[in-house]
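Q: my questions concern the predicted model and sequence given below.
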Amino acid sequence: MNDPTKKTPIDELGDGNNPELAAEIIRKKLDKLYGKEPSAKEEIKEVEALPSGKMSKHQHYMDQLSKSGLSLHEIQTKWHQYYSDLPDDQKRQVWNEFYRHHEQQKNKPKPEVERHQTPAESDHPKEPTHPAHQPTRIYGNNSQVSVKKDLLNRVQSRAKPITNNHHVRSLIFGFSMGSLVILILLFSFFNERFITPLIRPSTNVSASPIIVNPNGAGTAAGPEPKIIIPKINVEAPVVYDEPSIEEKAVQKALERGVVHYATTVNPGEKGNAVIFGHSSGNILNSGKYKFAFILLKSLEKDDTFIVDKDGKRYVYKVYQKYITPPTDIGILGARDRPSTMTLVTCDPPGMSTNRLIIVGEQIFPDPATNKESSISSQTGEPKVLPSNSPSLWQRIKDWF
């Protein structure tokens, strides 16, 4: 809030009926305004910027003082004395000169200050630089317009025009990356379609030649339980220690070899022994023996295969081969011959649509010497025969 008791310049002049009082007040204002001289330091700057022919007498006096060798304090003292002795109209002249000079300096655009070279730099010729690497400019109190123009020039000098070639290259790059992603996805989900024809089990199991007498004569069984199929050069371990017939348990055991089904008889016993093996063609599936039975379809009637267990060797001759649905659990039961072994895998390879069944009759040793079945009671019957390991797509569906 303004103080109502405080007088303004208008109030001090009164109502205009006393002109002498008004003139006295204006005189005091002017005396106060011009009572103090301009700074000697600023006056020196003023005369330094003027040619000697355009100086007023006051400026000539200051020019002489600045060249007299006196200190700034002494110059200020003499300038004060000089200014105090001037009449009022000349004091106003001094101030007008001072204001006019500073107004000109204010409106005058200042040049850009380039970075000065060091002595070390000046010894070497300056190499031409790319527009993007111009020396850094230092702006003093430059106007915003100059700064904006300089930045715009730099941006325009760096910008490259976009041509049709850029669009074509971008399109080709995008198409290439998209195609690569699609190929990776297709390979992940369907690589068995391309890999299966190239798979040979001998690259995943023993690569040594398998030479046996079909009747078993002159052969010796090792301590490890395994199956040998000479025609397709397969030699893989047989897992007998998996008691469960649950799908997950069987799939886990199949990573260690081919699996003897727990509810069927063992080799050397009367009845039908059943062995499951993978024919997965998907290289992303887990397990070393996922390709063990991938060429099982190559077996024909009268071909032989061998099973070693407990240090004994058993030889079987193929007499039956067919395709059946995965729900045909009858293949686990007894066959039309006293001692048989059934090999089971998925068909077609890499898929679990059907099951390929290979049935062989024991021909060595004499099946008449076989023992009775050691399977006392069955823990239950499965609804579906074991399948290939889950594909990548099936695993993704299981996650959700």
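A: That came through, no problem.

Q: low-confidence stretches in the protein?
A: The chain contains residues with pLDDT under 70 at 1-35, 52, 105-145, 147, 155-164, 185-219, 281-287, 376-380, 390-400.

Q: so S146 versus R154, what's the distance?
A: 13 Å (CB to CB, to the nearest Å). All C-beta spots, glycine's among them, are computed from the backbone N, C-alpha and C.

Q: ah, wrong one, I meant Y82
A: 52 Å.

Q: the helices in the stretch 301-400 of the chain, which residues?
A: 392-399 (DSSP state H, counting those that start in this stretch).

Q: using CSV, write out every CA atom in stretch 224-235.
A: Only the C-alpha atoms of stretch 224-235 are listed here, as CSV (Å, rounded to 0.1, in the frame of the first residue of the first chain):
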residue,chain,number,x,y,z
GLU,A,224,26.4,-102.7,-20.1
PRO,A,225,22.8,-103.2,-21.1
LYS,A,226,22.3,-102.1,-24.7
ILE,A,227,20.6,-102.7,-28.0
ILE,A,228,22.4,-103.3,-31.3
ILE,A,229,20.8,-103.0,-34.7
PRO,A,230,23.4,-103.8,-37.4
LYS,A,231,21.4,-102.8,-40.4
ILE,A,232,21.0,-99.2,-39.3
ASN,A,233,24.3,-99.2,-37.3
VAL,A,234,22.5,-98.4,-34.0
GLU,A,235,24.1,-99.1,-30.6
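
Q: what comes up buried for that stretch?
A: P225, K226, I227, I228, I229, P230, I232, N233, V234, E235 (16 or more other CB atoms under 10 Å).

Q: narrow those to those in strands?
A: K226, I227, I228, I229, V234, E235 (DSSP state E).

Q: those residues: which two are farthest apart?
A: K226 and I229 (10.5 Å; CB to CB).

Q: give me the common contacts of the two.
A: Common neighbours of K226 and I229, counting by CB atoms under 8 Å, 6 or more residues apart in numbering, are E235.

Q: got the contact list for the residue nearest to K321 when sequence neighbours are not counted?
A: Excluding its sequence neighbours, the residue lying closest to K321 (CB to CB, 6 or more residues apart in numbering) is I358, at 5.5 Å. I358 makes contact with L296, L299, V318, Q320, K321, T342, L343, V344, according to CB under 8 Å, 6+ apart.

Q: show me which of those are buried.
A: Buried among those by 16+ other CB under 10 Å: L296, L299, V318, K321, T342, L343, V344.

Q: which ones are touching the fourth one?
A: Going by CB under 8 Å, 6+ apart, K321 touches L299, E300, K301, L356, I357, I358, V359.

Q: same for the longest helix seen in the chain, what does it pack against?
A: Using DSSP state H, we find that the single longest helix of the chain is helix 164-190. Packing partners of helix 164-190 (3 or more CB pairs under 8 Å, 6 or more residues apart in numbering; DSSP states H and E): helix 392-399.

Q: just to revisit the earlier point, any chance of TSV for the buried ones among the contacts of I358, columns distance to V258?
A: Formatted as TSV, these follow (distance: CB to CB, whole Å):
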residue	distance to V258
L296	10
L299	14
V318	16
K321	17
T342	12
L343	8
V344	9
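
Q: which of those residues sit farthest apart?
A: V318 and V344 (13.6 Å).

Q: just give me the closest of the buried ones among the contacts of I358 to I182.
A: Using CB to CB, the buried ones among the contacts of I358 come closest to I182 at L296, 33.1 Å.

Q: show me the contacts for that closest one.
A: L296 neighbours (CB under 8 Å, 6+ apart): I229, I232, G277, S279, L343, T345, L356, I358.

Q: does the fifth one touch G277 like I think?
A: Yes: at 6.9 Å, L343 counts as touching G277 under the criterion of CB atoms under 8 Å.

Q: overlap in contacts, the two.
A: Shared contacts of L343 and G277, counting by CB under 8 Å, 6+ apart, come down to F293, L296.

Q: just the C-alphas of stretch 329-343, formatted as CSV.
A: Output of stretch 329-343 as CSV, limited to C-alpha atoms (Å, rounded to 0.1, in the frame of the first residue of the first chain):
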residue,chain,number,x,y,z
ILE,A,329,-1.9,-100.5,-25.9
GLY,A,330,-2.4,-104.0,-27.0
ILE,A,331,1.1,-104.1,-28.4
LEU,A,332,2.3,-104.3,-24.7
GLY,A,333,0.6,-107.8,-24.3
ALA,A,334,1.8,-111.3,-25.3
ARG,A,335,2.4,-112.1,-28.9
ASP,A,336,1.6,-115.2,-31.0
ARG,A,337,5.1,-116.6,-30.2
PRO,A,338,6.5,-117.5,-26.8
SER,A,339,9.5,-115.1,-26.5
THR,A,340,9.4,-111.9,-28.5
MET,A,341,10.6,-108.3,-28.3
THR,A,342,8.7,-105.3,-29.7
LEU,A,343,10.5,-102.1,-30.7
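
Q: pull out the buried positions in it.
A: I331, L332, R335, S339, T340, M341, T342, L343.

Q: could you identify the most distant pair in the contacts of K321?
A: Spatially, the most separated pair among the contacts of K321 is K301 and L356, at 14.5 Å (CB to CB).

Q: higher neighbour count, the two?
A: More crowded of K301 and L356, by other CB atoms under 10 Å: L356, with 20 against 9.

Q: what's across from the closest residue to the more buried one other than its chain neighbours in the sheet?
A: The spatially closest residue to L356, leaving aside those adjacent along the chain, is D347, at 4.1 Å (CB to CB, 6+ apart). In this entry, D347 is beta-bridged to N354, by DSSP bridges.

Q: now do the contacts for D347.
A: D347 touches S279, K297, I323, T353, N354, R355, L356, counting by CB under 8 Å, 6+ apart.
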